[in-house]
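*Asks:* Sequence and predicted structure, then a few things I'm wondering about:
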There are 2 protein chains.
Amino acid sequence: MKTSEKTLNDLFLEVLKDTYSAEKQVLRALGKISKAADSEKLAVALDTHRTETEGQIERLQQVFEMVGKPARGRPCEAISGILEEANEIAQEFKGSEALDAGLIAAQQAVEHYEITRYGTLKSWAEELGLIEAVPLLAQTLEEEKKTDQILTELARERVNEEAADASVDQ
Amino acid sequence: MKTSEKTLNDLFLEVLKDTYSAEKQVLRALGKISKAADSEKLAVALDTHRTETEGQIERLQQVFEMVGKPARGRPCEAISGILEEANEIAQEFKGSEALDAGLIAAQQAVEHYEITRYGTLKSWAEELGLIEAVPLLAQTLEEEKKTDQILTELARERVNEEAADASVDQ
């Protein structure tokens, strides 16, 4: 027996608000992380994702419209924690050889949080018959996965370059 | 020019401490989430993962030993935030039809955080030549990915069962 009238529609809205707040926090953080990066390539990748994030926020606003609710955030403690850790790593490893490795790892934690959130929202949108919301959520999900892959590739390139530098030094 | 002497070894240790603290927090939370679950299958899956998590903590302790450092946590703000959100959803949707959907989504956010952390630690262990640590980290990474998949399947089953119930009700 159900003792609460809350439905999957309510849950969808709560997670939508959480994700909206998360994206806005990520947008503010990305400029800072990009400026901190040592490698030009990493900075460019983060700036590109910053522009992408603006589009993702607009898509979320469209989903709010589709469900007839105002676009409003709900404080996202998860992303606050992830970004706080990113900031700590940036401070602690500033000026060190490991800075970019730390920044890439921190940004990948952000991407993974977004991947799980958009995966969930997309499934629920399908279940709830929000057929216009599904492709919007799917598009952002693919962008987040692609960004995660680009970061993995940049991490690998960094390792290869360091190995090449080390062999020149010998 | 590098202005800090910090190395990838230091970064590896910081993220190892962060992950150790995260796993211990997850271990405490899993019992609570399992008790909150409506579905017996979900409760069993969470209990199974709780036992798995104990093994994962032991593996991390082995990695600390390999790098000659005491097994010590570093407060993990990210997992604190993720678990806080899980707790809020559990409270808000208690007694509702959407409770399990919310608990599954919350636990998938936990798994994704762990997936990104173990992926990073495994790559760095390879780069640092910590060859004995690599299979331990890889084993946990696979367990986290499998748990995420099991949760996705449970979410799908839930949808199918509700659809079946709805057609019986008609």
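*Replies:* Perfect, thanks for sending it.
*Asks:* Show the subsequent helix or strand relative to the helix or strand encompassing A:I115.
*Replies:* In this assignment (DSSP states H and E), A:I115 forms part of helix A:99-127. Sequence order places helix A:133-169 as the next helix or strand after helix A:99-127, per DSSP H and E.
*Asks:* residue contacts, the residue sitting nearest the centre point of chain A?
*Replies:* Geometric centre of chain A, nearest residue: A:E111, 3.7 Å, by CA atoms, centre = their mean. Contacts for A:E111 (CB atoms under 8 Å, 6 or more residues apart in numbering or on different chains) come out as A:E144, A:K145, A:T147, A:D148, A:L151, B:T116. For every residue, glycine as well, the C-beta is placed using N, CA and C.
*Asks:* Identify the residue spatially nearest to it, adjacent ones excluded.
*Replies:* In space, A:E111 comes closest to A:D148 once its chain neighbours are excluded; the distance is 4.2 Å by CB to CB, 6 or more residues apart in numbering or on different chains.
*Asks:* I'd like the distance between the one you found and B:L128.
*Replies:* Using CB to CB, to the nearest Å, one gets 22 Å for the distance from A:D148 to B:L128.
*Asks:* Can you report how many residues lie near A:I131?
*Replies:* Applying other CB atoms under 10 Å in any protein chain shown, we find 10 residues neighbouring A:I131.
*Asks:* List the contacts of the nearest residue to it once chain neighbours are set aside.
*Replies:* Spatial nearest neighbour of A:I131, chain neighbours left out: A:A125 (7.9 Å); criterion: CB to CB, 6+ apart. Listed by CB under 8 Å, 6+ apart, the contact set of A:A125 reads A:F12, A:V63, A:I131, A:A133, A:V134, A:L137.
*Asks:* Include pLDDT when you put these into JSON lines, please.
*Replies:* Converted to JSON lines, the contacts of A:A125 look like this (pLDDT from 0 to 100):
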{"residue": "A:F12", "pLDDT": "97"}
{"residue": "A:V63", "pLDDT": "98"}
{"residue": "A:I131", "pLDDT": "96"}
{"residue": "A:A133", "pLDDT": "98"}
{"residue": "A:V134", "pLDDT": "98"}
{"residue": "A:L137", "pLDDT": "98"}
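*Asks:* Could you find which two of the residues you listed are furthest from each other?
*Replies:* Using CB to CB, the pair of these lying farthest apart is A:F12 and A:I131, separated by 13.8 Å.
*Asks:* ok, back up a step: which one of the contacts of A:A125 is nearest chain B?
*Replies:* Using CB to the nearest CB, A:F12 comes nearest to chain B of the contacts of A:A125, at 8.6 Å.
*Asks:* State the helix or strand in which that closest one lies.
*Replies:* helix A:8-36.
*Asks:* who does that helix touch, helix- and strand-wise?
*Replies:* With contacts defined as 3 or more CB pairs under 8 Å, 6 or more residues apart in numbering or on different chains; DSSP states H and E, helix A:8-36 has these neighbours: helix A:40-66, helix A:77-92, helix A:99-127, helix B:77-92, helix B:99-127.
*Asks:* What is the distance between it and the centre of its chain?
*Replies:* On the basis of CA atoms, centre = their mean, to the nearest Å, helix A:8-36 sits 8 Å off its chain's mean C-alpha point.
*Asks:* Can you list the buried residues in that helix?
*Replies:* Buried residues in helix A:8-36, counting neighbours by 16 or more other CB atoms under 10 Å in any protein chain shown, are found at A:8, A:10-27, A:29-30, A:33-34, A:36.
*Asks:* In chain A, where is pLDDT below threshold?
*Replies:* In the predicted model, chain A carries pLDDT under 70 at residues A:1, A:163, A:166-170.
*Asks:* so who does the residue nearest to A:Q107 when sequence neighbours are not counted touch?
*Replies:* Nearest residue to A:Q107, sequence neighbours excluded (CB to CB, 6+ apart): A:L151, at 5.9 Å. Counting by CB under 8 Å, 6+ apart, A:L151 makes contact with A:A45, A:I104, A:Q107, A:Q108, A:E111.
*Asks:* Which one of the helices and strands packed on helix A:8-36 lies nearest to A:R158?
*Replies:* Closest approach to A:R158 among the helices and strands packed on helix A:8-36 is made by helix A:99-127 (6.0 Å; CB to CB).
*Asks:* For the closest one, buried residues please.
*Replies:* By neighbour count with 16+ other CB under 10 Å, helix A:99-127 contains the buried residues A:99-125, A:127.
*Asks:* Need phi/psi at A:R72.
*Replies:* phi -140, psi 140 (degrees, to the nearest 10).
*Asks:* what about it, distance to chain B?
*Replies:* According to CB to the nearest CB, to the nearest Å, A:R72 and chain B sit 16 Å apart.
*Asks:* isn't that residue right next to A:L16, touching?
*Replies:* No - in this structure, A:R72 is not within contact of A:L16 by CB atoms under 8 Å, at 9.5 Å.
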